[in-house]
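*Asks:* below: sequence and its predicted model.
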Amino acid sequence: MARRALKRILLVEDDPDIQTVTSMALGSFGGYTVRVCGSAMEAIESAAEFLPDLILLDVMMPGMDGLDTLRALREVPATASTPVIFLTARVQPADVAKYKDLDSLAVIRKPFEPTALVETIHELWTRYREAH
Amino acid sequence: MAAVSEDRGELGGQYQLALREYCGGGGEVALLRAYQLGRHAISAGVGVLEMATLHEEALVSALLDLALEDSARIAKRASEFFAECLAPFELTRRGFQEAHAAMRDLNQGLERRLTAALQDFESAQDELLEQKKIERQKNDFISVVSHEVRTPLTSIHGALNLLKSGLGGELNTQGQRLLDAAYRNSQRLVRLVNDLLDLQRIESGTMTFNLRPVDLGSLLEQAVEASQAHAGQLGIKLVLQGAPAGARVRVDSDRMMQVMTNLLSNAAKFSPTGETVVVEACRHDAGVRVEVTDRGPGVPPEFHGRIFQKFSQAASSDRGGSGLGLSITKAIVEHMSGHVGFESEPGRTTFYFDLPEWRRNATREKGVERTWPAGR
C-alpha cells in the first residue's frame, strides 16, 4: 500500500472558529495542505478533486452527521479507503464504539491543543503507514 | 353413606352399653366414656339430634332391663350421661366460634399489614423511580452541557494555545501576562469539563476500563515526566525515588495516568515554591503501594473525613480546581481493585494508593482489547 508522506488533509468541520484554529495549526505547524469543508456535501464534492491522504471529521454537524458522512465518503472511489480521524466532543463509550465500527483510525476529543494535535496526527499517520 | 350408617349403628350399640353401665353403677370412668362417645359422634358426622334419638333408644332399653323401682335414679344418671356426651358438641361449637373470631382478627391484621406493606412498597418504588429519573436527568444534563461547552472551548483554548506558541507574533510583557492568564484559565475550564464528564460516567457506570498488565516503574516514570512541566511552572520539582523491580499491575494505563496526574497536580499545587514532590512505590501487603508526598501545609483535620467526596475542597483552599479530582481518583483506583488513602501533618502530606500486584501465574489475562489510539 501507499507508503507516502502525509501531505493533504481534508478537514470536515461546521464550526468556523474550530476550522480556523485547526487549519491554522495543521498548516503552520504541520506544514500540511488543508482543505476545509463546512458540511458533508462539501466534503463529498471536494474529495474526488482534492484526493486527501487523511480526513479529519467532526461528528455533530447539521444535516448529515460525521458517521453518515464517513459512510458517504466510502462510496467515493477517491476516499474509499482513506484513513479517517474523528474530532469530536461526543466521546461517550457508546459513541466511541460506533466510530470503531466504522473502521476509523482514531478519535480525538475536543477540546484539544492544536499544537499537540499536529504531533498526535503525525504519530497516528506513522503507525498507520507501518501497518499498511 | 353405608359407612356413616355402620358408624351410627356401632355408636348406638356402644352408647347403649355405656349408658346402661353408668345407670347401673355410676362412676367417673363411665362418664368419661360418655364424653368419648360424644367426640366419636362428632368425628363420625353424627349430629346432636341424632344423638338425642340414640340416647332415647338407649334409655328405653336401660329402663326395660334395669329394675323399674330404680327408674328415677336411672333417669337422673341418664341425663348426666347425655349431658356429658353433649359436652364435646358444645366445646366444638365454642371452639369453632372462637377459632372463627381469631381467624377473622388474624385476617384483618394480616390485611392491614399487607395493605401497609403494599403502600410502603409502592411509595418506595415511586421514590426509587423518581430518584432514577432525577439521576438520569442530571446525567443527561451534565452530558449535554459538557458537550455544548466543548465546542466553544475548542476554539478558545485552541486559539490561546496557538497564540502562546508564537503563531501571532511576539507580545509585549503585559500582553504575554494576559495571554498566560487566559490560557491557564482555559486549561482549568477544560479540566473541569473533563472532570464533570468523567464523574457523570463513573456515576452512570459507563466509564470503560481497558485493563492489562503494565510495568509499574515505567508507568510512574511516564506519569512524573508528563506532569513535570506543569509542576515546573509552579516552581516545583517532581522526583521518582523508586519502584519495586519487576512489579506489574493490571490497570487501564490511561486511567492510571489520570490518577497520577491528579495526585501530582494536587501535590504541586499545595507545595511551597522550590520544594520537591516525591513519588515512591513499594511492595505492601500482597500488593504494591504508590505514594505521592508533598511539603505543603497539610490537610486541615476538619476536612479529613470528606476529602474524597465530590465537590470537596478545604475552606482554606484558594488554589482553584473543581473539587472532583480526588473523588474521581478514588473511583478509578477502586474500580481497579485498589484502595486510596492519605496521611497528613503540617509540612508533610502523603497521598497513596494500593493495587494488587499482577503475577502471570496468578492472574490470567483475558479479553485484552487492542489499544484504541484515542486522544484524551
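*Replies:* Thanks, I have the structure now. Numbering: from 1, shown residues only, chains lettered A, B, ... in the order given.
*Asks:* next one: the residue most central in space within chain B from chain A, what distance?
*Replies:* Centrality entry for chain B: nearest residue to the mean C-alpha point is B:Leu128, 13.3 Å, by CA atoms, centre = their mean. Using CB to the nearest CB, to the nearest Å, B:Leu128 is found at 25 Å from chain A. Where you see a C-beta, it was placed from the backbone N, CA and C, and this is true even at glycine.
*Asks:* where's that residue, which helix or strand?
*Replies:* Assigned by DSSP states H and E, B:Leu128 belongs to helix B:71-164.
*Asks:* and that helix, how far out from the chain middle?
*Replies:* Helix B:71-164 sits 19 Å away from the centroid of its parent chain (CA atoms, centre = their mean, to the nearest Å).
*Asks:* return the longest helix along chain A as CSV; C-alpha atoms alone will do.
*Replies:* As assigned by DSSP state H, the longest helix anywhere in chain A is helix A:114-131. Taking Å, rounded to 0.1, in the frame of the first residue of the first chain, the C-alpha atoms of helix A:114-131 are listed here in CSV:
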residue,chain,number,x,y,z
PRO,A,114,-3.9,22.4,18.3
THR,A,115,-0.1,22.1,18.7
ALA,A,116,-0.5,18.7,20.3
LEU,A,117,-3.0,17.8,17.6
VAL,A,118,-0.2,18.1,15.0
GLU,A,119,2.0,15.7,17.0
THR,A,120,-0.8,13.2,17.5
ILE,A,121,-1.7,13.2,13.8
HIS,A,122,1.9,12.7,12.9
GLU,A,123,2.2,9.7,15.3
LEU,A,124,-1.1,8.2,14.1
TRP,A,125,0.0,8.5,10.5
THR,A,126,3.4,6.9,11.2
ARG,A,127,1.6,4.0,12.9
TYR,A,128,-0.9,3.7,10.0
ARG,A,129,1.9,3.6,7.4
GLU,A,130,3.7,0.9,9.3
ALA,A,131,0.6,-1.2,9.5
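*Asks:* tell me what the helix or strand of chain B with the lowest mean pLDDT is packed against?
*Replies:* One helix or strand of chain B scores below all others by mean pLDDT, DSSP states H and E: helix B:2-25, with a mean of 80. Contact here means 3 or more CB pairs under 8 Å, 6 or more residues apart in numbering or on different chains; DSSP states H and E; on that basis helix B:2-25 packs against helix B:28-43, helix B:48-65, helix B:71-164.
*Asks:* retrieve the pLDDT associated with whatever residue of the stretch 1-150 of chain B ends up closest to chain A.
*Replies:* Going by CB to the nearest CB, chain A is nearest to B:Arg150 of the stretch 1-150 of chain B, at 3.6 Å. Listed pLDDT for B:Arg150 reads 88.
*Asks:* how many neighbours does the closest residue to it other than its chain neighbours have?
*Replies:* Of all residues not flanking B:Arg150 in the chain, A:Ala89 sits nearest, at 3.6 Å (CB to CB, 6 or more residues apart in numbering or on different chains). Neighbour count for A:Ala89, taken as other CB atoms under 10 Å in any protein chain shown: 21.
*Asks:* tell me the contacts of A:Ala89?
*Replies:* By CB atoms under 8 Å, 6 or more residues apart in numbering or on different chains, the contact list for A:Ala89 reads A:Val59, A:Met60, A:Arg109, A:Lys110, A:Pro111, B:Ser146, B:His147, B:Arg150, B:Thr151, B:Thr154.
*Asks:* do A:Thr79 as well
*Replies:* Counted by CB under 8 Å, 6+ apart, A:Thr79 has contacts A:Leu10, A:Ala47, A:Pro52, A:Ile55, A:Leu73.
*Asks:* and the residue lying closest to B:Thr273 once chain neighbours are set aside, what's its pLDDT?
*Replies:* If the residues on either side of it in the chain are set aside, B:Thr273 comes closest to B:Gly235, at 3.7 Å by CB to CB, 6+ apart. If you check B:Gly235, the pLDDT there is 93.
*Asks:* sec struct for B:Gly235, please.
*Replies:* Secondary structure state of B:Gly235, per DSSP: H, G, I helix; E, B strand; the rest coil, is coil.
*Asks:* next: the one 10 residues further on.
*Replies:* Following three-state DSSP, we place B:Ala245 in the coil state.
*Asks:* now it: closest residue in space, sequence neighbours ignored.
*Replies:* That would be B:Gly217: by CB to CB, 6+ apart, it lies 7.5 Å from B:Ala245.
*Asks:* with B:Thr350 instead?
*Replies:* With CB to CB, 6+ apart, the residue lying closest to B:Thr350 is B:Thr293, at 4.4 Å.
*Asks:* now the farthest one out in chain B, which residue is it?
*Replies:* Outermost residue of chain B (CA atoms, centre = their mean): B:Glu69, 87.5 Å.
*Asks:* quick check: B:Ile307 vs B:Tyr35, distance?
*Replies:* 81 Å (CB to CB, to the nearest Å).
*Asks:* now do the strands in chain A.
*Replies:* Using DSSP state E, the strands of chain A run over A:8-12, A:33-37, A:54-58, A:84-88, A:106-109.
*Asks:* can you say which of the ones you listed is nearest to chain B?
*Replies:* Closest among the strands of chain A, using CB to the nearest CB: strand A:106-109, at 3.8 Å.
*Asks:* tell me which other helices or strands the closest one touches.
*Replies:* strand A:84-88, helix A:114-131.
*Asks:* residues of chain A that sit close to chain B?
*Replies:* A:15, A:17-18, A:20-22, A:24-25, A:28-29, A:60, A:89-94, A:96, A:100, A:105-115, A:120, A:124, A:127 (CB under 8 Å from any CB of the partner chain).
*Asks:* the residue nearest the centre of chain A: what's its closest spatial neighbour, skipping adjacent residues?
*Replies:* For chain A, the residue nearest the mean C-alpha position is A:Leu56 (1.2 Å; CA atoms, centre = their mean). Sequence neighbours aside, A:Leu11 is the residue nearest to A:Leu56 in space, at 4.8 Å (criterion: CB to CB, 6+ apart).
*Asks:* over to B:Leu189?
*Replies:* B:Leu153 is the one closest to B:Leu189 (CB to CB, 6+ apart), at 6.1 Å.
*Asks:* tell me the buried residues in the helix-or-strand element of chain A with minimal mean pLDDT?
*Replies:* Taking mean pLDDT, DSSP H and E as the measure, the helix or strand of chain A with the lowest value is helix A:93-101, at a mean of 84. By neighbour count on 16 or more other CB atoms under 10 Å in any protein chain shown, the buried set for helix A:93-101 is A:Asp95, A:Val96, A:Lys98, A:Tyr99.
*Asks:* contacts only, for the residue nearest to the third one when sequence neighbours are not counted.
*Replies:* For A:Lys98, ignoring the flanking residues on the chain, the nearest one in space by CB to CB, 6+ apart is A:Leu67 at 6.2 Å. By CB under 8 Å, 6+ apart, A:Leu67 lies in contact with A:Val59, A:Lys98, A:Tyr99, A:Leu102.
*Asks:* distance-wise, check the second one relative to chain B.
*Replies:* Taking CB to the nearest CB as the measure, A:Lys98 falls 13 Å from chain B.
*Asks:* roughly how far does that residue sit from A:Val91?
*Replies:* 11 Å.
*Asks:* dig out what the residue nearest to the centre of chain A forms beta bridges with.
*Replies:* A:Leu11, A:Ile85 (DSSP bridges).
*Asks:* ok, it to A:Arg90 distance?
*Replies:* Distance, A:Leu56 to A:Arg90, by CB to CB: 15 Å.
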